[in-house]
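> show me the folded form of this:
(one chain, ligands or ions: 1)
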Amino acid sequence: MKLRFTKMHGLGNDFVVLDGVSQSLRLSTEQLRQIGDRHFGIGCDQILLVENPHHPDADFRYRIFNGADGGEVEQCGNGSRCFVRFVHDKGLTRKRAIRVETAKGLITPQLEDNGLITVDMGAPRFAPAEIPFVAEAEAISHPIVVNGRTLAITVVSMGNPHAVQVVEDVENAPVATDGPAIEAHPLFPQKVNAGFMQILSRGEIRLRVFERSAGETLACGTGACAAVVAGIRRGLLDASVLVHTRGGDLRVSWAGPGQPVLMTGPAVTVFEGEIEL
Ligand SMILES: N[C@H](CCC[C@H](N)C(=O)O)C(=O)O
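As a prediction, the model looks like this:
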C-alpha cells in the first residue's frame, strides 16, 4: 500500500502525520512500528493519525501512537500543535481554534497570529487511579525506590501518565538510568513518562523527559504541562512558566485545580513523502 505522510516536529519531538480524513486508513501495530523505525522505516517519536470525529462537539479526532512499538497512547502535547499546522496546511479546515477529540477527552488547539500554537490541554488529574499509580491516597509527592535510591515524585495525568521529580541540574541528572527504571516501575501499571525538572526561578524551569515507550525526547509537551503543574502544587512555581527543553522553549500556564493547562509553542513541517507499506 502506498502511504502519503508529512514529517513534522514540535521542538525536535518528531512525528509522522497521516491524513485519515481524505482517505480511510487502517494500520496494524506492526505497520505503525515500521513507520516509526528510524532505520528500516521513516522514523519518528510518535505517529499522529488525523480522522473525522466521533464526538458531536469535535471538528476532528486525532490518535497518537508511539513510534518505537506502535502502541496507542492517550495524549501528545507537541503533537497537538503539529496537528493544527497540518489540518490548516492541508486545507482540512479554515478554523483557527479547533475542537479535537483524543483518547482522553477534548483539547482545543488554536493557531495564533504569530504562527505559534496555544493548546488548552484540559485539566490535570491527580487521583492515583486516574494516573494510574498504585498508592493509598492522592499526595503532592510520593516516595518511590529507583535504582536503590528513594525519589520524591509528583504524579500527574495530562491524559497520559507523568512522574515528575525536581533535580539540581538537568544536565547531570541520571536520565539514562533512572528514566527507564521509573518508566517501568511496578507502581505504574501502564508505565509512565519520567520528568526531570530544574527550577531556575518561580517563572522558569529546565526540563528533560524520558518518555514512555520512546526514551528521552528533545521535548515533551504533556511532560512540560505535568512539570509546571507539579511545581505549582509543590509551591515552587507561579502560574505562568517558561519551560526550556533540549529542543527549545514552551510557555505553560495553569490557574489551579480544575482549570485547564495552556501550552504555547511552535510546530514545523519538515517534508512530505510517500512510503510503500
Ligand atoms: N510517550 C508519551 C506520548 C507522547 C507524548 C509527548 N511526545 C508529548 O509531546 O506530550 C506516552 O507514552 O504517554
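
> quick one, strands of the stretch 51-200 of the chain?
Ranges of strands in the stretch 51-200 of the chain, per DSSP state E, counting those that start in this stretch, are 60-66, 72-73, 100-102, 105-111, 117-120, 142-146, 149-157, 161-166, 193-201.

> which one of those strands is the most hemmed in?
strand 161-166 (a mean of 26; mean count of other C-beta atoms under 10 Å). Every C-beta, even on glycine, is put in place using the N, C-alpha and C of the backbone.

> any idea of the mean pLDDT in that strand?
For strand 161-166, mean pLDDT rounds to 98.

> about what we covered before: columns distance to Lys2 on top of the strands of the stretch 51-200 of the chain, output as JSON lines?
Listed next are these as JSON lines, based on distance: least, C-beta to C-beta, whole Å:
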{"stretch": "strand 60-66", "distance to Lys2": "20"}
{"stretch": "strand 72-73", "distance to Lys2": "23"}
{"stretch": "strand 100-102", "distance to Lys2": "27"}
{"stretch": "strand 105-111", "distance to Lys2": "29"}
{"stretch": "strand 117-120", "distance to Lys2": "30"}
{"stretch": "strand 142-146", "distance to Lys2": "45"}
{"stretch": "strand 149-157", "distance to Lys2": "38"}
{"stretch": "strand 161-166", "distance to Lys2": "36"}
{"stretch": "strand 193-201", "distance to Lys2": "34"}
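
> which among those strands is found nearest to the ligand?
Among the strands of the stretch 51-200 of the chain, the nearest to the ligand by C-beta to the nearest ligand atom is strand 72-73 (4.1 Å).

> which parts of the protein are helices?
29-36, 77-89, 175-183, 221-233 (DSSP state H).

> packing partners of the worst-scoring helix or strand of the chain on mean pLDDT?
When the helices and strands of the chain are scored by mean pLDDT, DSSP states H and E, strand 105-111 comes last with a mean of 91. Applying 3 or more C-beta pairs under 8 Å, 6 or more residues apart in numbering; DSSP states H and E, we find strand 105-111 packed against helix 77-89, strand 100-102, strand 117-120.

> any residues touching the shortest one, and which ones?
What it means is strand 100-102. With contact meaning C-beta atoms under 8 Å, 6 or more residues apart in numbering, strand 100-102 is reached by 53-55, 58-64, 74-75, 80, 83, 106-109, 159.

> what is the burial count for Phe74?
You called it Phe, but residue 74 is Glu. Number of residues near Glu74 (other C-beta atoms under 10 Å) recorded here: 17.

> mind starting the numbering at 30 from now?
Sure, I'll start counting at 30 from here, so that last one is Glu103.

> so who does it touch?
By C-beta under 8 Å, 6+ apart, Glu103 lies in contact with 93, 131-133, 188-189.

> distance to Ile173 for the residues you listed - can I get that in CSV?
As requested, the contacts of Glu103 are exported to CSV (distance: C-beta to C-beta, whole Å):
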residue, distance to Ile173
Ile93, 26
Thr131, 28
Ala132, 26
Lys133, 23
Gly188, 22
Asn189, 18
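
> restrict these to contacts with the ligand.
Contacts with the ligand within these, as defined by C-beta under 6 Å from any ligand atom: Asn189.

> which outside residues touch stretch 45-60?
So stretch 45-60 is contacted by 32-37, 64-65, 71, 73, 76-81, 89, 96, 98-100, 111-112, 115, 119, 121, 306 (C-beta under 8 Å, 6+ apart).

> typo on my end, it should be stretch 225-237
Outside of stretch 225-237, the residues within contact range by C-beta under 8 Å, 6+ apart are 193-199, 202, 204, 207-208, 224, 238-239, 245, 249, 252-253, 256-257, 259-260, 265-267, 269-275.

> what about it, how long is it end to end?
5 Å (C-alpha to C-alpha, to the nearest Å).

> can you list the residues of the stretch 30-179 of the chain near the ligand?
Residues of the stretch 30-179 of the chain lying near the ligand by C-beta under 6 Å from any ligand atom: 42, 74-75, 95, 102, 105-108.
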